[in-house]
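Colleague: task: produce atomic coordinates for the following.
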Amino acid sequence: MDERIEFAILNIDKPTGPTSFDIAEKVGRMVGARKFSHFGTLDPKVTGVLPIALNRACKLTGFFIHHDKTYVGIMRIHEDIEMKKIQEVINKKFLGKIRQTPPVKSRVKREEREREIYSFELLEQDGKDILFNVKCEGGTYIRKLIDDLGSELGIGAHMLELRRTHAGIFSEEDKNFVNLYDLEKAVKENKLNEILIPGEEALKKVMPFVEVKESEIKRLLTGKSVEKKDIVKDVKLKEKEEVAVFSGKLFLGVYEKIGEILKPKFVRN
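Modeller: Numbering: from 1, shown residues only. A predicted model of the protein is given here:
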């Protein structure tokens, strides 16, 4: 068990009620991890995709947390208005780059910032309740988005329910997406390995990777830079682009291209 969770991620279905930290802490205790962290906070009442890193994989948080998110939810408008008219306002004012001030109860500094809304679609209407789907840049506050939409319409609106369906590469459709009950069952039945996501596999989905010679493993694990002569399989990289480095199947770390070398940002040891 200890070896399997040493550098792994779990894709958890967060229930309504607890905070994201509460869930990460519970998952950590359940699997016996000494460290744990989540990839992006969900409000207590919000459900859905909450990736949780275990042990050394906690150092990967910065490589995943700002990726795009997708949500499905229900908003309540405060006066009757056709869904078609609301969608027209969304298309004009709430797509692409928008300016947003975090809500009062957020944990970040309350200053206006830019976020991008890739899609914002109204799906169904039942009286004053409207089902919607949003794909947006990480760090977007959906509750504030709905509030701002209500203000723009001049009728007011607030969010009733919200569920995150995607967080970067993690989705509620993934085969290893599990709720707390199924996670506990997997631990008891010694089937945790079936739902763990190796950290190195996740990294390969969000950044390019290069392969280095086996003879350089020991040197690189001491924190040395990767030079051209060390590389077996190379890829074209932009300046300051991040890259995962492997030797065969062995993951060595995340590096950054600086000139002709790759400088370590995180070394696995």
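
Colleague: let's verify Asp182: helix, strand, or coil?
Modeller: helix (DSSP: H, G, I helix; E, B strand; the rest coil).

Colleague: which residues touch it?
Modeller: In this structure, Asp182 makes contact with Ile195, judged by C-beta atoms under 8 Å, 6 or more residues apart in numbering. All C-beta atoms are positioned from the backbone trio N, CA, C, and that covers glycine.

Colleague: per-residue pLDDT, it?
Modeller: In this prediction, Asp182 carries a pLDDT score of 96.

Colleague: what about it, distance to Met30?
Modeller: 11 Å (C-beta to C-beta, to the nearest Å).

Colleague: pLDDT weak spots in the stretch 1-150 of the chain?
Modeller: Along the stretch 1-150 of the chain, the model assigns pLDDT under 70 to residues 1-2, 104-108.

Colleague: could you pull out the helices in the stretch 51-200 of the chain for me?
Modeller: Chain-ordered helices for the stretch 51-200 of the chain, with DSSP state H, counting those that start in this stretch as the definition, fall at 61-64, 83-93, 142-153, 180-188, 199-204.

Colleague: check which helices and strands the last one is in contact with.
Modeller: So that's helix 199-204. strand 7-14, strand 242-247, strand 250-258 (3 or more C-beta pairs under 8 Å, 6 or more residues apart in numbering; DSSP states H and E).

Colleague: return the distance of whichever helix or strand comes after that helix from the chain's centre.
Modeller: Counting by DSSP states H and E, the element after helix 199-204 in chain order, helix or strand, is strand 209-212. Using C-alpha atoms, centre = their mean, to the nearest Å, the distance from the centre of strand 209-212 to the centre of the chain it belongs to is 25 Å.

Colleague: just the CA coordinates for strand 209-212, please, in CSV.
Modeller: Listed in CSV are the C-alpha atoms of strand 209-212, where the atom choice follows Å, rounded to 0.1, in the frame of the first residue of the first chain:
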residue,chain,number,x,y,z
PHE,A,209,8.2,14.5,-22.0
VAL,A,210,11.7,13.5,-22.9
GLU,A,211,13.7,10.3,-22.4
VAL,A,212,17.2,10.4,-21.0
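
Colleague: and the most centrally placed residue in the chain, bridged to which residues?
Modeller: Geometric centre of the chain, nearest residue: Ala167, 3.9 Å, by C-alpha atoms, centre = their mean. With DSSP bridges applied, the residues forming beta bridges to Ala167 are Lys69, Phe170.

Colleague: how close does it get to Gly199?
Modeller: 16 Å.

Colleague: with Arg76 instead?
Modeller: Separation of Arg76 from Gly199 (C-beta to C-beta) stands at 40 Å.
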